[in-house]
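Student: 3D model of this:
(chains A and B)
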Amino acid sequence: MMKVLSADHAVAWGVRLAKAEVIPAFPITPQTLIIELLSEFIFDGDMDAEFIPADSEHSAMSIAVGASAGGVRTFTATSSQGLALMHEMLYASPQNRLPVVMANVNRSLGAAAGIWLEHNDSMAARDSGWMQCYVEDNQEALDMTLQAYKVAEDPRVMMPLMICLDGFVLSHTVDGVDVPEQAKVDDFLPRFRPLYSLDPADPKVINPIVPPDYAMEMRYQLDRIMESSRQAIKEVDSAFAKRFGRGYGGLFEAYRMDDAEYALLSLGTATSTARAAVDELREEGKRAGLIKLRFMRPFPHDELLAACKDLKALGVFDRSLSFNRYGPVFTEVRNSLHELSLPITDHVGGLGGRDLTLGHMREIFANIERSAKGEKVRTCSWYGLRGEQE
Amino acid sequence: MFEVRFHGRGGQGAVMAAQTFAEAAVLEGHHAQAFPYFGAERRGAPVRAFARVDDKRITIKSQIYEPDMLVIMDESLLDIDPVADGLKPTGSVVMNTTKAPQDVDIGVAVRCATVDAIPIALETIKAPIVNTAILGAVAKICDLVTIESIKTSINDRFGEKLGEQAARMNSLAAEMAYARTVVGICKGERTIVRPKVWLPTWKELPQGTALGEDTLSGVTVGPGGSLGNYTGTWRTITPKYDQEKCVRCLRCWFCCPEGCIKRLEDDHVKWDYRYCKGCGICANICPADAIHMVKGAMEP
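Tutor: Prediction:
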């Protein structure tokens, strides 16, 4: 059934179709549309779930962890300062193997605070043990919500997953979305079967203090599971494509990459604008390509290596920064491709909600093209910045 | 490099002893470090502290497995902890005991200094905290420090923390112990038994962190599990229960921090002494005077 939905509402529809049973949340712009619609679904009786208005995001995540430990499918959503406030509790679910799903609507983390788009909120949570994916459009926001539960609750995985969507640029943009039938979703996404659950009839302790004799083995388990979850993500995306007719390439999508000489790797809505730039360049006869990174964790290192081996230059788009050492996506990409003798450059734009235009994208591709031709270009360039870059 | 391992129980001041020893060594012109290893233990739990002394800057930051000297502040630890594990055959031991060196058996026959430190501590600082007294015995057997440097160090460290009077009394404890210490050779007959610890590989380790009430894959302890952690070994005083006086209010059952008080069918209670660490909360909370703490770890 086609509906015209904002991406926030598309996520809410995904959660409804996934039949999440406990939804603790605290409102924060630009995420609030998600939990508002979910609370309406529940109030109207369209969803059989417990909506828990938490007194903070820290509490919201704590409740989500507890609910998941109770063996129920759990959802929450946040943004920016809210994600920062729940940072401590983010670490509870991965090692306890509780597959909580959360939407983070990307918004810049202050100071220099604003309500607008930047990735510095979710990138700071990269090492928490959560899987992390970035979606490009409203349809993917809904579809990824369904995929998220399927991946997170896979018996091989059992890890939490954060769906990141760009604040306002995506969250508040309305677009046509195909909302799948409940029966088809039920078939795709069976009931959650936890690894273990809190049960008064079978008392147990969850999350005790772990002495040095065991902690390292537990960390290694987590590292291996994150590494192997790449397989589950690919399989789930294929299964989803078979069932619903829409696939997203698993860990990343290669767009016009077959004979590409140079390419940009981007994530989130920047990818959409980059597609338009690639299409224009192709019409002009240039062999430009695009890699849409979907997952930051697990990171598709081997897969990217294979996809980039014939390129002459690669650019990476970053919408956040690790000050004095480039953007986090660039660091990850260059780290994964270190065996290739490929010039890789970082392209930073759209910070703090600064609009990222097709013109910026054309500039980015022009720079990558120059580096493909062997010209020396700066390692990291900013777009839309006033003043000369040092 | 000279390495020392201190064995005590939580509350006896093993950590302060190690730090004070290290400071004394520094006062003597050496380089020294001291550090504790803490678990989540409390008063009465076996604790370890470490000290290293050398003539040059010490850069090793790890625990000590083959010490040159052991300082044993509580004799009962020998029965529950592999105290002498790794002690060099050329090493030495300092022990708080009523026994003479030749009657002490730590499992390795080495030079041994003994002192009955508890009466000294009771006389000087009015509490059975033996860390400063034992340092007097250390000064007797260890060439790296003198009783003077130990006393100066005690004055520095304890004076700052507890005041001048306390520093003087602790210093006196060390001096009295120094005078009463007997040096000889101890016995090496005891078998040093390392406790069986479940050390699974990362593949064997159960997924997640849930610990069932009974067992996981045939083992009694999960990562960080408390089932195999017999806190009863920490006990130095033991609750004695007078069922006649008990009014079955169950406050002890509710308040026991180890959950080792079992509620019986008729609301009387009994203790699981494997886990009772002798904290005394049950005796303190009892409104009917039905629980008394008695000296010793024996089950009444």
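
Student: Please pull up the helix or strand immediately following the lowest-mean-pLDDT helix or strand in chain B.
Tutor: Ranked by mean pLDDT, DSSP states H and E, the weakest helix or strand in chain B is strand B:211-212, scoring a mean of 58. Per DSSP states H and E, strand B:211-212 leads on to strand B:237-241 as the next helix or strand towards the C-terminus.

Student: Could you point out the helix or strand that follows that next one?
Tutor: Next helix or strand after strand B:237-241 toward the C-terminus (DSSP H and E): helix B:251-255.

Student: Tell me which residues are up against that following helix.
Tutor: If you take C-beta atoms under 8 Å, 6 or more residues apart in numbering or on different chains as the criterion, helix B:251-255 is touched by B:261-263, B:269, B:281-282, B:285-287, B:291. Glycine gets a C-beta too; all of them are placed from N, C-alpha and C.

Student: pLDDT averaged over that helix - what is it?
Tutor: Over the span of helix B:251-255, the pLDDT mean works out to 95.

Student: for it, which positions count as buried?
Tutor: Within helix B:251-255, the residues that count as buried by 16 or more other C-beta atoms under 10 Å in any protein chain shown are B:251-253.

Student: Out of the contacts of helix B:251-255, which is nearest to A:Pro211?
Tutor: B:Ile281 (24.4 Å; C-beta to C-beta).

Student: how much space is there between the residue lying closest to that closest one once chain neighbours are set aside and A:Glu57?
Tutor: In space, B:Ile281 comes closest to B:Cys255 once its chain neighbours are excluded; the distance is 5.4 Å by C-beta to C-beta, 6 or more residues apart in numbering or on different chains. Distance, B:Cys255 to A:Glu57, using C-beta to C-beta, to the nearest Å: 34 Å.

Student: now swap in B:Ser76 and tell me
Tutor: From B:Ser76 across to A:Glu57, the span is 50 Å (C-beta to C-beta).

Student: Neighbour count for the two, which is higher?
Tutor: Each of B:Ser76 and A:Glu57 has its neighbours counted (other C-beta atoms under 10 Å in any protein chain shown); A:Glu57 has more, 27 against 15.

Student: residue contacts, that one?
Tutor: So A:Glu57 contacts A:26, A:28, A:78, A:82-83, A:85-86 (C-beta under 8 Å, 6+ apart).

Student: Among those, which one is most surrounded by other residues?
Tutor: Of the contacts of A:Glu57, with other C-beta under 10 Å as the count, A:Thr78 tops at 29 neighbours.

Student: pretty sure that residue is touching A:Ile28, no?
Tutor: Yes - between A:Thr78 and A:Ile28 there is a contact at 6.0 Å, judged by C-beta atoms under 8 Å.

Student: which parts of chain A sit against chain B?
Tutor: Neighbours of chain B within chain A, by C-beta under 8 Å from any C-beta of the partner chain: A:95-97, A:158, A:195-196, A:202-211, A:213-218, A:220-221, A:224.

Student: So what does A:Pro24 look like in phi/psi?
Tutor: Backbone dihedrals for A:Pro24, given as degrees, to the nearest 10, come out at phi -90, psi 140.

Student: Not counting residues beside it along the chain, what's closest to it?
Tutor: A:Ile63 (3.6 Å).

Student: what's the pLDDT at residue 39?
Tutor: I'll assume chain A. A:Ser39 is assigned 98 on the pLDDT scale.

Student: try chain B instead
Tutor: pLDDT at B:Gly39 comes out at 68.

Student: go on, B:Gly259?
Tutor: Residue-level pLDDT assigned to B:Gly259 equals 84.

Student: Kindly provide the distance from it to A:Ser320.
Tutor: In terms of C-beta to C-beta, B:Gly259 sits 47 Å off from A:Ser320.

Student: Same check on B:Lys140?
Tutor: Relative to A:Ser320, B:Lys140 is positioned 64 Å away (C-beta to C-beta).

Student: Verify the stated contact: B:Asp156 with B:Val26.
Tutor: No - judged on C-beta under 8 Å, B:Asp156 makes no contact with B:Val26 at a distance of 10.4 Å.

Student: Looking at B:Gly259 and A:Ser320, which is more packed in?
Tutor: A side-by-side neighbour count of B:Gly259 and A:Ser320, using other C-beta under 10 Å, places A:Ser320 first with 20 against 11.

Student: and the gap between the more buried one and chain B?
Tutor: Going from A:Ser320 to chain B by C-beta to the nearest C-beta, to the nearest Å gives 32 Å.

Student: where's that residue, which helix or strand?
Tutor: Using DSSP H and E, A:Ser320 maps to neither a helix nor a strand.

Student: So it is in contact with A:Glu118, correct?
Tutor: Yes - A:Ser320 lies in contact with A:Glu118 (C-beta under 8 Å); the separation is 5.7 Å.

Student: Thought B:Asp55 was touching B:Ala32, still the case?
Tutor: No - counting by C-beta under 8 Å, B:Ala32 sits too far from B:Asp55 to count as a contact (10.5 Å).

Student: These two: which is more packed in?
Tutor: Neighbours per residue, other C-beta under 10 Å: of B:Ala32 and B:Asp55, the larger number sits with B:Ala32, 23 against 10.

Student: Three-state assignment for the residue nearest to the spatial centre of chain A, please.
Tutor: Central residue of chain A (C-alpha atoms, centre = their mean): A:Cys133, 2.1 Å from the mean position. What DSSP: H, G, I helix; E, B strand; the rest coil gives for A:Cys133 is strand.

Student: what touches both of A:Ser320 and A:Glu118?
Tutor: Contacts common to A:Ser320 and A:Glu118, judged by C-beta under 8 Å, 6+ apart, are A:Leu351.

Student: And for the residue lying closest to B:Asp272 once chain neighbours are set aside, the neighbour number?
Tutor: Nearest non-adjacent residue to B:Asp272, counting by C-beta to C-beta, 6+ apart: B:Cys260, 4.3 Å away. Close neighbours of B:Cys260, defined as other C-beta under 10 Å, add up to 19.

Student: What residues does B:Cys260 make contact with?
Tutor: So B:Cys260 contacts B:231-232, B:271-276 (C-beta under 8 Å, 6+ apart).

Student: what's the answer for A:Pro328, then?
Tutor: Shown in contact with A:Pro328 (C-beta under 8 Å, 6+ apart): A:123, A:126, A:296, A:318, A:320-322.

Student: So in chain A, which helix runs the longest?
Tutor: For chain A, the helix with the greatest residue count under DSSP state H is helix A:212-244.

Student: Show the secondary-structure elements that that one is packed against.
Tutor: Helix A:212-244 is packed against helix A:92-96, strand A:131-134, helix A:138-152, helix A:182-188, strand A:295-297, with contacts defined by 3 or more C-beta pairs under 8 Å, 6 or more residues apart in numbering or on different chains; DSSP states H and E.

Student: Okay, angle between that helix and helix A:138-152 too, please.
Tutor: Relative orientation of helix A:212-244 versus helix A:138-152 (axes from the mean of the first three to the mean of the last three C-alpha atoms, to 10 degrees): 130 degrees.

Student: Much appreciated, bye for now.
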